[in-house]
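Peer 1: The following comprises the amino acid sequence and a computationally predicted model.
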Amino acid sequence: MAGISVLPAEVLLAKRVQEMVLYGEEPQPPHICRDDCTDEDVSVMPSLIPIIDLSLLSSLEPSTSHEELHKLRSALCSWGCFQAIGHGIPKSFLDKIRQVAKEFFEQPMEEKKKHAKGVYEFEGYGADPVPAEGQSLDWSDRLFLDVYPEDRRKPKFWPENPTSFREVLEEYTLKMRMLTELVSKAMAKSLNLEENCFLDQFGEQAVLQARFNYYSRCQRPDLVLGLKAHADGSGYTIILQNDVEGLQVQKDKNWITVPPISDALLILMADQMEIMTNGIFKSAVHRVLTNTEKERISVAVFYTPEPKKEIGPEEGLINEERPRIFKKVKDYADIHWGYYQQGKRALHVARV
Ligand SMILES: O=C(O)CCC(=O)C(=O)O
Ligand SMILES: [Fe+2]
């Protein structure tokens with residue numbers, strides 16, 4: 001790459017990756033972030049991401065629901081994620097959200113740019129705000145929207161085209177609220193805690209944000225990442241994938257691909273659930289690889305405790321054998337963001 005001038009991130013961020021691909025531009029710094037592939041080849045291992053059937057949790061047969069709760073706990077302790085099936089959201093509706101996302105990104109650039117964010121802002125169409133110096137940029141474009149509570153919505157960022165986009169996203173938000181209730185209760189039960197304990201910590205005004213990710217094809221997947229390795233700063237995140245592989249979760253230093261399953265949603269623990277469970281559930285480090293053949297689309301919904309609300313380890317998970325390892329924190333997602341921009345994790349800030 002010698003001889004190529006490095007443009008400031010602000011300049012590069014003014015242009016979408018989708019445009020760069022359209023004009024046949026090769027990745028250059030700061031998109032380039034991989035120069036060796038020493039840790040890259042382990043993903044040939046068969047994928048073992050646990051699959052949990054949430055419908056079994058309400059089975060009238062106690063041994064069936066017990067067994068599934070046990071599987072849930074063990075998945076979250078060792079992987080920090082699971083593929084949820086039996087969640088009650090029909091595949092036909094998941095296809096609708098995938099479809100409006102695809103139609104949004106396939107529109108001409110001038111249509112998408114009607115909802116453009118500034119390079120220093122979060123919400124809207126674009127890329128992450130400018131990272132700290134020396135950090136790479138992701139090979140992706142995004143549409144980031146606050147979706148709940150409703151008074152946080154900023155209509156100027158909500159696409160009018162495709163015409164069903166808003167309606168479908170509103171319905172998806174409702175379904176995500178029901179799912180977070182179901183999953184938060186199940187996680188509490190799996191740890192023998194009172195079922196509402198996590199919901200109470202998240203609070204009634206817990207925030208849902210939707211990030212539509214578009215990973216353009218890339219001729220040099222060896223040089224760039226669709227999304228660099230990170231753990232999320234939310235409580236947990238719900239990810240819908242299209243049928244293109246790319247998302248990987250780190251386990252025991254190996255990168256394991258999350259296979260696309262058309263009717264599954266990946267539920268991924270983030271830092272704030274690790275704090276609330278006193279380190280029992282693991283916040284999963286993950287990343288996205290690019291693909292030479294196909295575009296990948298995902299929709300990540302971040303579920304985050306209400307602003308200004310203190311959260312901390314559940315008392316029932318602290319004892320002599322397992323002393324408290326995290327302090328109480330509030331607005332952790334903001335702290336997390338500051339570190340993320342420097343390519344670092346933030347969890348140590350919450351340790352006692
Ligand atoms: O694209 C994906 O599957 C993952 C997205 C993700 O990790 C994120 O938006 O934080
Ligand atoms: Fe993430």
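Peer 2: All right, it came through fine. Everything quoted here is computed from the prediction, not taken from an experiment. Numbers count the residues shown, from 1 in each chain. Ligands and ions are numbered 1, 2, ... in the order given.
Peer 1: so residue 101, which of the three states?
Peer 2: Taking DSSP: H, G, I helix; E, B strand; the rest coil as the rule, one finds residue 101 in the helix state.
Peer 1: and it, how many residues sit next to it?
Peer 2: Per other C-beta atoms under 10 Å, the neighbour tally for residue 101 reads 25. C-betas here are computed from N, CA, C, even on glycine.
Peer 1: Contact partners for it?
Peer 2: By C-beta atoms under 8 Å, 6 or more residues apart in numbering, the contact set of residue 101 is 212, 214, 297, 299.
Peer 1: State the distance from it to residue 335.
Peer 2: When C-beta to C-beta, to the nearest Å is the yardstick, residue 101 and residue 335 sit 30 Å from each other.
Peer 1: likewise residue 80?
Peer 2: Shown here: residue 80 relative to residue 335, a distance of 20 Å by C-beta to C-beta.
Peer 1: Of those two, give the one with the bigger neighbour count.
Peer 2: The residue with the greater number of neighbours, taking residue 80 and residue 335 and applying other C-beta under 10 Å, is residue 80; the counts read 24 against 17.
Peer 1: give the contact list for the more buried one.
Peer 2: For residue 80, the contacting residues are 249, 268, 269, 274, 281, 282, 283, 284, by C-beta under 8 Å, 6+ apart.
Peer 1: Repeat the analysis, applying 10 Å as the threshold.
Peer 2: 231, 236, 249-251, 267-270, 273-274, 281-286 (C-beta atoms under 10 Å, 6 or more residues apart in numbering).
Peer 1: From those, list the ones also adjacent to ligand 1.
Peer 2: residue 286 (C-beta under 6 Å from any ligand atom).
Peer 1: Now which of the contacts of residue 80 would you call buried?
Peer 2: Among these, those scoring as buried are 231, 236, 249-251, 267-270, 273-274, 281-286 (criterion: 16 or more other C-beta atoms under 10 Å).
Peer 1: Sitting in helices, which of the residues you listed do you find?
Peer 2: When these are checked against helices using DSSP state H, the ones located there are 273, 274.
Peer 1: Work out the gap between stretch 239-248 and the centre of the chain.
Peer 2: 11 Å (C-alpha atoms, centre = their mean, to the nearest Å).
Peer 1: In that stretch, which residues are buried?
Peer 2: Of the residues in stretch 239-248, 239, 240, 241, 242, 244, 245, 246, 247, 248 count as buried by neighbour count, 16+ other C-beta under 10 Å.
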